[in-house]
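**Student:** Here is a sequence with its predicted model. Questions after.
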Amino acid sequence: MKQHPEIEQELKDLGSTLAGVEPVNIFRVPEGYFNSIVHDVLLEVSPTKAIPEGSVPEGYFEGLASAIIEKINQEETADLENIALLPELKNMNRTPVFSLPAAYFDELPEIINSRIKEDALQPFLSENLVFIRNINPYQVPAGYFEHLPKSIIEKVNIGSAAPVIQMSSRRSLFRYTAAAVMAGLLGLAIFSTFNDGRNKQLVADNLDESTMRAAKTIVQKGDFDAVLSSVSDQEIVDYLSNGGEDVNAALVASVAASDNLPDQIDYILDDHTLDNLLDGVITN
Amino acid sequence: MKHFLLIAFLFSGLSFTHAQDNGNPSKRAERIQALYVAYITEQLNLTETEAQKFWPVQKQYDTEVKSVGKNMPELDRQQAVLDIKKKYQGSFSKIIGPERTDEFFRKDIEFRKKLIDQLRKIRQQNHNQRRSGRN
Amino acid sequence: MPIGFVILLQLLHAQMTIQPEDRELLDQFRNETTREQAFTKIIKKYQERLYWHIRRMVVSHEDTNDILQNMFIKVWKNLDNFREDSQLFTWLYRIATNESLTHLQQQKKRLAFSLSDDESPLANKIKADEHFDGQKLEWKLQLAIQKLPEKQRAVFNLRYFEEMPYEEMSRVLETSEGALKASYHHAVKKIEDFIKNR
């Protein structure tokens, strides 16, 4: 439309709804066209190797990806302009982002062979879906797959580490462990009675952990409201004041803002309505 | 051996009761803290891995907000808090995305509102009880 | 014609029994001294495929990592029980899919509180990705996939990305081939519609 402003103008004059619409050019592509590209490219790449029906020639898959891309690049300016790709597809990055492990291609012949027999039953995939299968939008942290086997093995060994202890040495092991525990407890007891200030810091750090655990329980049980109702007013006041909140001001503000204000009729029915309302604001 | 065990147990008993005295007020605040964590987790749909990164940052944020002087002129105080929120917006967004960071700031305030509402309810109930006691 | 028949038989045979390479790995695994080595080799061989299969279900890298590692730990504990009457990777895909589906269901339960609108949390996660571009087709496809119910998602992913034959898929998902075909056809339709209309 941009090349022919008079056509645009003509549409506007006609009052057509097409006036502002960008024409998206989508032709129908012959059925099976893209499926046959593979075959056609291969013929060009190695014309001497005739492909017998139903089987796949040796070395087929190794060169396939690059052969296709090369072919497409060659023909890009000519044929592909005529094939109506959606504008987005034309500008898309064609380099395959998706990397596959070495063994993958060994299994592929079997997979594709079985697909051939099921082809008739396949729903027709539009050009979009055929093209973007290999374009992977997700990113993986660098080096992830290199480190993964190691971290899994570590986890596996921690889980299954169960050293076999002989019967006789078990008893002495138990003794030594018990002694160590006792010594540890004793040391801890002495340590804590003399090291008050330091202890508070330890407690604070452990608080975080137990808070998190408590929070998890609440989430899993879904009893947020129940726990909230069980909390005392002093706890709330402490919490809010520690957060720098002016509790009294907040209370007054909440009453004024609330939609729980009593209706007119409540005032008539109950003498104490106003008192109750103000009681809620009692700042004690 | 037996004497040793006895003494060890005595001492360990001592240390535990000692810890509990100190723990009490902090334990009470802990419940509401747990409620806060639960609330934010649910409202933002935080996953395990997001939570691991999120809470340390939130703790820093919280500490900074609390450290804003309470006696400043009101508008200055509000501005200071707003500046801190903006400062942390980027860090939060990296963990949970910008939309949910927005949600977080909103839910943070929601939670305090819930507490206030609950407080009002309790105070009202208490006063009613006292009144009915009198009658 | 007879060639085709023979190939078909080979195919079925190939799918039913384990590959020689995998059989070797299994034997090595059963031997105490080479157990860890074999396990490492198995991980290296299948980790990427399994990773992407899981990630397309749960979207985030972190969740995928959790599930993948848990899955392989299960493999370590249960590989002795693997009866070699199917392919190793069929078995692996089954575990990976189950772990992913379980994870998704657990996530659903955790969101009891949320009254969020039509956008599922997974869609939000996709949109929160640093590189998300709603205009790009590959991102639209991911959004479309997340709109599918979990099991249908698995069916679509296995067929479309892994090109898995229905016969194998029925062993992965423990569902009849007919049901899987129908599911896949519906999934393709829904996805095409979604992409066209966004």
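**Tutor:** Looks like it came in fine.

**Student:** quick one: what helix or strand has C:A154 in it?
**Tutor:** helix C:150-160 (DSSP states H and E).

**Student:** Using PDB, list the CA coordinates for that helix.
**Tutor:** The C-alpha trace of helix C:150-160 is given here as PDB (Å, rounded to 0.1, in the frame of the first residue of the first chain):
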ATOM      1  CA  GLU C 150      -0.900 -30.500  31.200                       C
ATOM      2  CA  LYS C 151      -1.200 -33.900  29.700                       C
ATOM      3  CA  GLN C 152      -2.100 -32.600  26.300                       C
ATOM      4  CA  ARG C 153       0.900 -30.400  26.600                       C
ATOM      5  CA  ALA C 154       3.100 -33.500  27.100                       C
ATOM      6  CA  VAL C 155       1.400 -35.200  24.100                       C
ATOM      7  CA  PHE C 156       2.000 -32.200  21.800                       C
ATOM      8  CA  ASN C 157       5.600 -31.700  22.900                       C
ATOM      9  CA  LEU C 158       6.500 -35.400  22.500                       C
ATOM     10  CA  ARG C 159       5.000 -35.500  19.100                       C
ATOM     11  CA  TYR C 160       5.900 -32.100  17.700                       C
END
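
**Student:** Work out for me the element the nearest residue to A:Y138 once chain neighbours are set aside sits within.
**Tutor:** Distances taken as CB to CB, 6 or more residues apart in numbering or on different chains place C:R55 nearest to A:Y138, at 6.0 Å, with adjacent residues excluded. Glycine gets a C-beta too; all of them are placed from N, C-alpha and C. Using DSSP H and E, C:R55 falls within helix C:35-58.

**Student:** quick one: contacts for C:K125?
**Tutor:** Residues near C:K125 by CB atoms under 8 Å, 6 or more residues apart in numbering or on different chains: B:G97, C:V59, C:S60.

**Student:** circling back: I'd like the mean pLDDT over the helix holding C:R55, please.
**Tutor:** In this model, helix C:35-58 carries a mean pLDDT of 92.

**Student:** Please state the offset of it from the chain centre?
**Tutor:** 11 Å (CA atoms, centre = their mean, to the nearest Å).

**Student:** Please spell out which residues along that helix are buried.
**Tutor:** C:36, C:38-39, C:41-58 (16 or more other CB atoms under 10 Å in any protein chain shown).

**Student:** And stretch B:66-75, by the same measure?
**Tutor:** Buried residues in stretch B:66-75 (16+ other CB under 10 Å): B:V68.

**Student:** Can you give me the first-to-last residue distance of it?
**Tutor:** End-to-end span of stretch B:66-75 (CA to CA, to the nearest Å): 16 Å.

**Student:** residues making contact with that stretch?
**Tutor:** A:N242, A:G243, A:G244, B:R77, B:A80, B:V81, B:I84.

**Student:** how about the helices in chain B?
**Tutor:** B:2-44, B:48-66, B:74-96, B:98-134 (DSSP state H).

**Student:** who in chain B is up against chain C?
**Tutor:** B:41-43, B:45, B:47-50, B:96-100 (CB under 8 Å from any CB of the partner chain).

**Student:** Would you show me how to pick out the buried ones of the residues you listed in PyMOL?
**Tutor:** Selection of buried members from these for PyMOL, criterion 16+ other CB under 10 Å:
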select buried, chain B and resi 41+42+43+45+47+50+96+97+100
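
**Student:** picking that back up, can the helix or strand just after the helix holding C:R55 be said to contact chain B?
**Tutor:** Downstream of helix C:35-58, the next assigned helix or strand under DSSP H and E is helix C:61-78. Yes - contact of helix C:61-78 with chain B (CB under 8 Å from any CB) involves C:E62, C:D63, C:N65, C:D66.

**Student:** Now do the closest residue to the second one other than its chain neighbours against C:Q107, distance only.
**Tutor:** Leaving aside its chain neighbours, C:D63 sits nearest to B:T47 (6.1 Å; criterion: CB to CB, 6+ apart). Relative to C:Q107, B:T47 is positioned 7 Å away (CB to CB, to the nearest Å).

**Student:** Kindly report the same for A:R213.
**Tutor:** 20 Å.

**Student:** And the contacts of stretch B:66-75, which two are furthest apart?
**Tutor:** Spatial extent of these (CB to CB) is set by the pair A:N242 and B:A80 at 17.8 Å.

**Student:** More neighbours: which of these two?
**Tutor:** B:A80 (16 against 11; other CB atoms under 10 Å in any protein chain shown).

**Student:** Could you pull up the residues touching B:L44?
**Tutor:** B:I96, B:R100, B:E103, B:F104, B:K107 are the contacts of B:L44 under CB under 8 Å, 6+ apart.

**Student:** buried residues in stretch C:98-107?
**Tutor:** C:N98, C:E99, C:S100, C:L101, C:H103, C:L104, C:Q107.

**Student:** ok, the fifth one touching C:N65?
**Tutor:** No - in this structure, C:H103 is not within contact of C:N65 by CB atoms under 8 Å, at 11.7 Å.

**Student:** where are the low-confidence patches of the stretch 151-284 of chain A?
**Tutor:** A:158-181, A:183-207, A:244-245, A:256-270, A:272-273, A:276-284 (pLDDT under 70).

**Student:** That one against chain C: which residues are in contact?
**Tutor:** A:S151, A:I152, A:I153, A:K155, A:V156, A:G159, A:S160, A:V219, A:Q220, A:G222, A:F224.

**Student:** how does the chain divide into domains?
**Tutor:** Defaulting to chain A. A:5-132, A:171-216, A:231-279 (automatic domain parsing).

**Student:** let's do chain C instead
**Tutor:** If you go by automatic domain parsing, chain C breaks into C:18-115, C:116-198.

**Student:** pLDDT at the spatially most central residue of chain B, what is it?
**Tutor:** Central residue of chain B (CA atoms, centre = their mean): B:Q33, 3.1 Å from the mean position. Looking at B:Q33, its pLDDT reads 89.

**Student:** Find the nearest non-adjacent residue to it, please.
**Tutor:** Closest to B:Q33 by CB to CB, 6+ apart is A:T211, at 4.9 Å.

**Student:** which residues touch that neighbour?
**Tutor:** With contact set as CB under 8 Å, 6+ apart, A:T211 has these partners: B:E30, B:Q33, B:A34, B:V37.

**Student:** And those residues, which is closest to A:S254?
**Tutor:** Nearest to A:S254 among the contacts of A:T211: B:Q33, at 21.4 Å, using CB to CB.

**Student:** Against B:I95, how distant is that closest one?
**Tutor:** 20 Å.

**Student:** Then C:N124?
**Tutor:** In terms of CB to CB, C:N124 sits 13 Å off from B:I95.

**Student:** circling back to that earlier point, go through the residues of helix C:61-78 next to chain B and name the one nearest C:Q142.
**Tutor:** C:D63 (14.5 Å).

**Student:** What number of residues are in the vicinity of that closest one?
**Tutor:** 23.

**Student:** I'd say it and C:T102 touch.
**Tutor:** No - assessed by CB under 8 Å, C:D63 is found out of contact with C:T102, at 11.9 Å.

**Student:** on that earlier part again, who touches the residue nearest to A:Y138 in this structure?
**Tutor:** A:Y138, C:H61, C:T64.

**Student:** and the residue nearest the centre of chain C, how far is that from C:E162?
**Tutor:** Nearest to the mean C-alpha position of chain C, by CA atoms, centre = their mean, lies C:H53 at 4.0 Å. Going from C:H53 to C:E162 by CB to CB gives 7 Å.

**Student:** Need the overlap of contacts for those two.
**Tutor:** With CB under 8 Å, 6+ apart, C:H53 and C:E162 have common neighbours C:Y93.

**Student:** so what pLDDT did B:M72 get?
**Tutor:** 82.

**Student:** Would you mind giving both backbone torsions of it?
**Tutor:** Main-chain torsions, B:M72, degrees, to the nearest 10: phi -70, psi 160.

**Student:** ok, now C:A144?
**Tutor:** The phi/psi pair for C:A144 (degrees, to the nearest 10) is phi -60, psi -40.

**Student:** How much space separates it from C:I67?
**Tutor:** 22 Å.

**Student:** and those two? which has more neighbours close in?
**Tutor:** Counted by other CB under 10 Å, C:A144 and C:I67 do not tie: C:I67 has more neighbours, with 24 against 20.
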